[in-house]
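In: Compute the structure for the input listed below.
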Amino acid sequence: MAKRERVVRMSVEQPLWRALTAYRVLTMVYAVLIFVFGRDRYERPWVAVAFLAVMCVWNLATLPKVANAASCTRRFLVADLTVALTGILLTPLADEHARTVDGPTLPSIWTAGAVLAYAIKGGWRWAGFASSLVAVANLVERGSPSRDTLHNVLLVWVASIAIGYVVEVARASERTLARALEIEAATRERERLARDIHDSVLQVLAMVQRRGTALGGEAAELGRMAGEQEVALRTLVAGGMTRPSLVSEDESEGAVVRVVEEPDEDSPVDLRALLAPRAGAKVTLADPGVPVLLPSAAARELAAAVGAALDNVRVHAGGNARAWILVEDWPDEVIVTVRDDGPGIPEGRLAQAEGEGRMGVALSIRGRLRDLGGTAELISVPGQGTEVELKVPRDARGKAGTR
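Out: All right, here's what the predicted structure looks like:
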């Protein structure tokens, strides 16, 4: 039974959510202890008791909300920050001397937990928004802010934004790692399939080619077709040039990668991927070994022109003729040369064919290249084969789109 590879989701921010959960519990206890040990100074202790009771119930009931990014919704964040801001603004009502002695607010440092939830969930921009509201509430509560108040406000503001920025960097790194792991897994799977194909299908096609050639007759034609398919399949397995785009996206349990289709008209296409199926037992493809990118419309038209040139080789050069495709990638243009070892074209034959209404070269090749803003040159010497040179400029997209 074949082994199945399991993809493990990873999340570098999950430890931050666990730390935030612990922080909220500890700071809740800390805020309660501050009140217990300093209750004698409160003019209206019942206000502090009522708020702390609500805060404790809210904090314990919403602990699952800060377990991960999916649970921590925007509605929860707004409600949580509202509780913290309410506690800050109620502090002068419970302790009138809090403004003069610069004492702690009712929620104390529990407020920072609400701001940190914004930072972990939405990054530094969300953290800046939440910490700014907390800063305004503290300044309103103090009336005339002291140096310590400004220091605490600035500390929360800088720390929350810094944590939010670190979270965004960690998420970007996580997405990059997930994409690399996905590509590595896809490469291993392709290599496994290549081994299986090599051990089975390619060997069968090679055997059919040898036996068909030995038997002759119709079997020889079958062997020839098997040989062409073997070469095409081997090129496809070895090259793997057409690869889907990978888009990373963030989820509550880590970054995952999904496959998407690239837009046809806006994304460049590797010309080698379109020409690779043309290779066979009697057609050899030589390319630069790196992607040859053209706008999709131009690449398709150029590949169709190459196909038309190969069709002419099969029809006019004879069944035993071989062809070679050479791809050259230059900074300002792409050149594809199709050469064969057939008998060549007699002088004046192309003009005669156009006069008789056979427009294969004129329309299928030269017409396509002309619409792309390129050129097609045909050189043929009787007895020495034919060479077709196709040139396409890099800015061929707009001209191709006007066809």
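In: can we go C-alpha only for contacts and neighbour counts from here?
Out: Fine.
In: all helices in the stretch 201-350 of the chain, in order from the N-terminus.
Out: Using DSSP state H, counting those that start in this stretch, the helices of the stretch 201-350 of the chain run over residues 201-215, 218-239, 271-275, 296-316, 349-355.
In: Including distance to A180, could the ones you listed go into JSON lines?
Out: Listed next are those as JSON lines, based on distance: least, C-alpha to C-alpha, whole Å:
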{"stretch": "helix 201-215", "distance to A180": "30"}
{"stretch": "helix 218-239", "distance to A180": "19"}
{"stretch": "helix 271-275", "distance to A180": "22"}
{"stretch": "helix 296-316", "distance to A180": "26"}
{"stretch": "helix 349-355", "distance to A180": "53"}
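In: and the helix or strand hosting S173, how far from the chain's centre?
Out: Assessed by DSSP states H and E, S173 sits inside helix 147-199. Helix 147-199 sits 13 Å away from the centroid of its parent chain (C-alpha atoms, centre = their mean, to the nearest Å).
In: Which residues does the helix or strand encompassing L390 contact?
Out: Assigned by DSSP H and E, L390 belongs to strand 386-393. Residues from elsewhere that reach strand 386-393 (C-alpha atoms under 8 Å, 6 or more residues apart in numbering): 298, 302, 309, 332-345, 369, 372-380.
In: ok, now stretch 23-37?
Out: 48, 52, 55-56, 59-60, 106-110, 113.
In: Scan these and report the most crowded one.
Out: L106 (29 neighbours; other C-alpha atoms under 10 Å).
In: Surely that one and A48 touch.
Out: Yes - between L106 and A48 there is a contact at 6.7 Å, judged by C-alpha atoms under 8 Å.
In: wait, is Q384 part of a strand?
Out: No - counting by DSSP: H, G, I helix; E, B strand; the rest coil, Q384 is not part of a strand but coil.
In: Spit out the contact partners of it.
Out: 341-344.
In: Quickly note the distance from V292 to I335.
Out: 10 Å (C-alpha to C-alpha, to the nearest Å).
In: ok so, going back, could you say which one of the helices of the stretch 201-350 of the chain comes nearest to R39?
Out: With C-alpha to C-alpha as the criterion, R39 lies closest to helix 296-316 of the helices of the stretch 201-350 of the chain, at 74.6 Å.
In: can you give me the angle the helix holding S173 makes with helix 201-215?
Out: 20 degrees (axes from the mean of the first three to the mean of the last three C-alpha atoms, to 10 degrees).
In: Counting by contacts, list what helix 147-199 packs against.
Out: helix 110-122, helix 124-142, helix 218-239, strand 245-251, strand 254-260 (3 or more C-alpha pairs under 8 Å, 6 or more residues apart in numbering; DSSP states H and E).
In: who touches S108 in this structure?
Out: By C-alpha under 8 Å, 6+ apart, S108 lies in contact with 27, 31.
In: Give me the secondary structure label for it.
Out: Three-state call for S108 (three-state DSSP): coil.
In: So which of the contacts of Q384 wins on neighbours?
Out: G342 (23 neighbours).
In: which residues does that one contact?
Out: Counting by C-alpha under 8 Å, 6+ apart, G342 makes contact with 313, 317-318, 321-322, 383-386.
In: Give me the phi and psi for it.
Out: Dihedral pair for G342: phi -80, psi -170, per degrees, to the nearest 10.
In: State the distance from it to L390.
Out: 19 Å.
In: got it, and V208?
Out: For V208, the distance to L390 - C-alpha to C-alpha - is 36 Å.
In: remind me which residues of the stretch 251-400 of the chain are low pLDDT?
Out: 251-266, 346-364, 396-400 (pLDDT under 70).
In: how about the helices of the stretch 1-150 of the chain, start to end?
Out: 14-37, 45-61, 74-94, 98-101, 110-122, 124-142, 147-199.
In: What's the mean pLDDT across the last one?
Out: Averaged over helix 147-199, pLDDT sits at 77.
In: what's the answer for stretch 214-230, then?
Out: Across stretch 214-230, pLDDT averages out at 78.
In: again with stretch 14-21
Out: Rounded mean pLDDT across stretch 14-21 is 88.
In: ok now it, how far from the chain's centre?
Out: For stretch 14-21, the distance to the chain centre is 28 Å (C-alpha atoms, centre = their mean).
In: And stretch 167-187, what's buried?
Out: Of the residues in stretch 167-187, 167-168, 171-172, 174-179, 182 count as buried by neighbour count, 16 or more other C-alpha atoms under 10 Å.
In: repeat for stretch 58-75
Out: For stretch 58-75, by 16+ other C-alpha under 10 Å, it's 59, 62-63, 65-69, 72.
In: got it, and stretch 284-299?
Out: 284-287, 292-299.
In: Distance from that stretch to the middle of the chain?
Out: The chain centre lies 22 Å from the centre of stretch 284-299; the measure is C-alpha atoms, centre = their mean.
In: All set now, cheers.
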